[in-house]
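Trainee: Output the structure for:
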Amino acid sequence: MRLKKPIIAVSTVGLMALAACGGSDSGSTSSDNTFATGGNAGSGQDANRQPPAPEVDGAQKGGTVTVNSVAGLNSMDPSEAYYINTGSILTSLVTRSLTQYVYEDGQMILIPDLATDLGTPNDDFTEWTFTIRKGVKYENGQEITPQDIAFGIDRSFDRTTFPEGAAYSNDYFLNGDKYEGPYTGSGSCDCVTIKGQDLTIKMSKPFPDMPYWGAFPAMGPIPSGKESDPAKYALHPWASGPYMFDQYTPEKSLTLVKNPNWDPNTDPGRHQYVDEYDMSFDVPSAKVDQISLNDSGDGQTTLTYDNIQASNFITAKQDASDRLVLGSSPCSFYWAPDYRKITDIEVRQALAYAYPYQEAWAAGGEIVGVTRQPGTNMMPPGIPERTEYNPLPGHEPGTTDADKSKQLLQDSGNTNYQIQFLYSQDDPISVDVKDAIVKGLKAGGFDPQPYATTVADSSTLRADPNTKINVRSAGWCSDWPTGGSWFPPLFQSTNLKAEGLGSNYAVFSEKAVDDQIAKIQSSPLDEQNALWNQMDKDIAETYFPTFSTGYDGVAMMHGSKIHGMYDDNVYAMPTWKDIWIG
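Mentor: Take a look at the predicted model:
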């Protein structure tokens with residue numbers, strides 16, 4: 001999954017090293033194991049969970065929750081919602097999918113949603129059958145059918161209409177490399193068959209992680225034949241969850257109101273305690289923090305999914321610890337030199353030595369040990385069978401070695417090497433981080449050439465393989481707790497003309513890696529975790545196409561009248577399904 005917004009001159013960790021301590025019953029959690037558990041988010045499963053969802057102790061109905069964030073919402077079309085904020089808001093509150101996650105005892109658990117269980121595979125995981133629940137309705141009262149879910153799946157193949165969507169359907173589903181969806185292509189995918197309430201998906205290769213992919217908005221219903229314009233549908237996707245769109249201005253605001261046709265007796269995971277969600281985006285970070293810290297008036301019923309800035313963290317710990325939600329995240333930050341343009345591995349390694357980790361983290365307002373920690377592996381801590389390695393032996397992660405950088409550049413004949421990267425000139429934090437990076441790269445012997453853009457244009461420029469930059473700041477979050485959600489999307493070769501960059505921000509392409517990915521995907525299930533872990537190390541040591549700039553953590557705040565807000569560590573977002581006002 002992508003982060004809440006494109007990372008331009010990546011804003012990362014903090015002004016001081018701080019150890020987070022315990023929590024309270026209002027939503028705070030200990031972050032002692034934040035970086036040890038984040039990658040394992042969602043590993044628990046309960047295939048037998050039945051509706052309705054158990055009531056939350058003490059929960060009351062009514063009221064309006066205000067949500068403030070500096071990060072706007074990218075496409076809200078379910079087929080393209082692949083940022084952690086868009087995916088979290090849609091799948092928790094608005095749209096339903098084959099499966100879903102719920103918060104339980106500090107962890108997220110995968111349970112059924114529109115399907116009655118987590119699916120039934122054949123012996124080699126090349127076919128999955130889901131029985132679709134009856135009686136679920138859209139916001140207008142129309143009943144959802146297996147055919148609607150099949151049409152939603154059809155849309156998930158269209159990389160032209162939905163370029164920022166995940167490509168798992170294309171990669172794993174039968175003929176996914178040929179079918180282009182109902183808009184760019186025509187007809188339906190022959191990988192989906194329906195018999196009564198049973199929906200069966202045929203795969204091109206073993207896909208044991210299908211129940212996890214089933215939890216994404218893309219694996220939910222779209223009213224076939226009722227919407228012909230995807231751009232229009234993205235402004236008001238039909239609700240099947242407890243809330244529906246009322247007013248929506250892309251990147252600026254979203255108001256959700258109760259869906260009168262949501263039936264809790266068909267939903268094993270969601271509640272409908274709150275009357276309305278009023279969400280505002282592009283709100284300056286300083287204002288977000290002050291509203292949270294002041295906790296007065298409407299601020300008492302306000303929450304944010306942004307991390308508090310390091311400069312305000314001590315105050316929050318001292319004065320509002322019961323309203324500070326700390327926890328893990330399945331996300332990593334990294335720099336991705338363009339593999340087509342920076343072809344010398346020593347130059348890419350020199351960048352890792354020259355990068356000003358501490359200074360960039362401080363400029364980004366992050367908190368060392370809470371919202372960021374130095375990284376080594378591409379995969380974050382917690383993924384099963386992950387073993388720590390250091391791609392630059394002798395280099396302490398999270399530290400800068402300008403002399404080593406200059407020496408590598410000199411030895412390789414690449415002194416004063418130009419580095420072009422994006423930053424958002426209308427975002428003060430991005431500007432501050434850019435300044436720190438420029439200073440660090442100059443000290444390391446590079447010639448930094450920052451490329452000014454805006455928050456609004458940054459996503460398009462960053463995703464364009466022809467943008468005149470040679471490094472992309474990036475971040476990635478586990479789609480599920482295995483390497484299968486890391487290496488195919490990030491390092492598998494892409495057809496730039498047909499698919500664009502996708503998630504391969506380094507524009508990395510090596511046939512040996514493509515072949516190894518395909519081999520792992522077809523390996524026995526009990527061997528795959530170790531093989532993905534080995535691939536993590538092999539790619540770094542052989543090619544060094546990217547380098548870590550830190551692992552992510554959560555430090556969100558809410559008002560004193562907000563209850564049921566914990567860390568959904570699958571998305572690093574609030575546990576929307578349990579929130580109530582009291």
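Trainee: Make sure Pro330 is actually in contact with Ala572.
Mentor: Yes. With contacts counted by Cβ atoms under 8 Å, Pro330 reaches Ala572, the gap being 6.9 Å. Any C-beta I mention is one placed from the backbone N, CA and C, and that applies to glycine too.
Trainee: Quick one: low-confidence residue ranges for the stretch 401-550 of the chain.
Mentor: Within the stretch 401-550 of the chain, the segments meeting pLDDT under 70 span 498.
Trainee: Helices along that one, start to end?
Mentor: Per DSSP state H, counting those that start in this stretch, the stretch 401-550 of the chain carries helices over the ranges 402-411, 428-443, 455-463, 487-491, 496-499, 511-521, 525-542.
Trainee: Quick check: which of those has the most neighbours on average?
Mentor: The highest mean neighbour count among these belongs to helix 487-491 (a mean of 22), with neighbours defined as mean count of other Cβ atoms under 10 Å.
Trainee: For that one, list the C-alpha coordinates in PDB.
Mentor: Once non-C-alpha atoms are left out, helix 487-491 reads as follows in PDB (Å, rounded to 0.1, in the frame of the first residue of the first chain):
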ATOM      1  CA  PHE A 487       8.900  -7.500  -3.900                       C
ATOM      2  CA  PRO A 488       6.500  -8.100  -6.800                       C
ATOM      3  CA  PRO A 489       5.000  -4.500  -6.600                       C
ATOM      4  CA  LEU A 490       8.300  -2.800  -5.800                       C
ATOM      5  CA  PHE A 491      10.900  -4.600  -7.800                       C
END
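Trainee: Which residues does it contact?
Mentor: 166-167, 171, 378, 476, 502-506, 508, 513, 517, 520-521, 532, 535-536, 539, 545-546 (Cβ atoms under 8 Å, 6 or more residues apart in numbering).
Trainee: Phi first, then psi, for Leu324.
Mentor: Dihedral angles of Leu324 (phi, psi; degrees, to the nearest 10) stand at phi -100, psi 120.
Trainee: what bridges to it?
Mentor: Met557 (DSSP bridges).
Trainee: residues near it, how many?
Mentor: Neighbouring residues of Leu324 were enumerated by other Cβ atoms under 10 Å; the total is 26.
Trainee: Repeat that for Gly413.
Mentor: Other residues near Gly413 come to 9 when the count uses other Cβ under 10 Å.
Trainee: can you give me the helices for the stretch 251-400 of the chain?
Mentor: Along the stretch 251-400 of the chain, counting by DSSP H, counting those that start in this stretch, helices occupy 285-294, 310-319, 345-354, 357-363.
Trainee: Packing partners of the first one?
Mentor: Spelled out, that is helix 285-294. Identification of packing neighbours for helix 285-294 by 3 or more Cβ pairs under 8 Å, 6 or more residues apart in numbering; DSSP states H and E yields strand 64-68, strand 302-304, helix 310-319, strand 547-557.
Trainee: Quick one: residues in contact with the first one.
Mentor: With Cβ under 8 Å, 6+ apart as the contact definition, strand 64-68 has outside contacts at 274-280, 283, 287-288, 291, 298, 301-306, 562, 579, 581.
Trainee: Can I have the buried ones of the residues you listed as a ChimeraX selection?
Mentor: Restricted to buried positions by 16 or more other Cβ atoms under 10 Å, the ChimeraX selection for the contacts of strand 64-68 reads:
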select :274,277,278,279,280,283,288,291,301,302,303,304,305,306,562,579,581
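Trainee: Is Thr453 bridged to anything, and to what?
Mentor: Ser424.
Trainee: need the contact list for it.
Mentor: The contact partners of Thr453, by Cβ under 8 Å, 6+ apart, come to Ile8, Leu422, Tyr423, Ser424, Gln425, Leu461.
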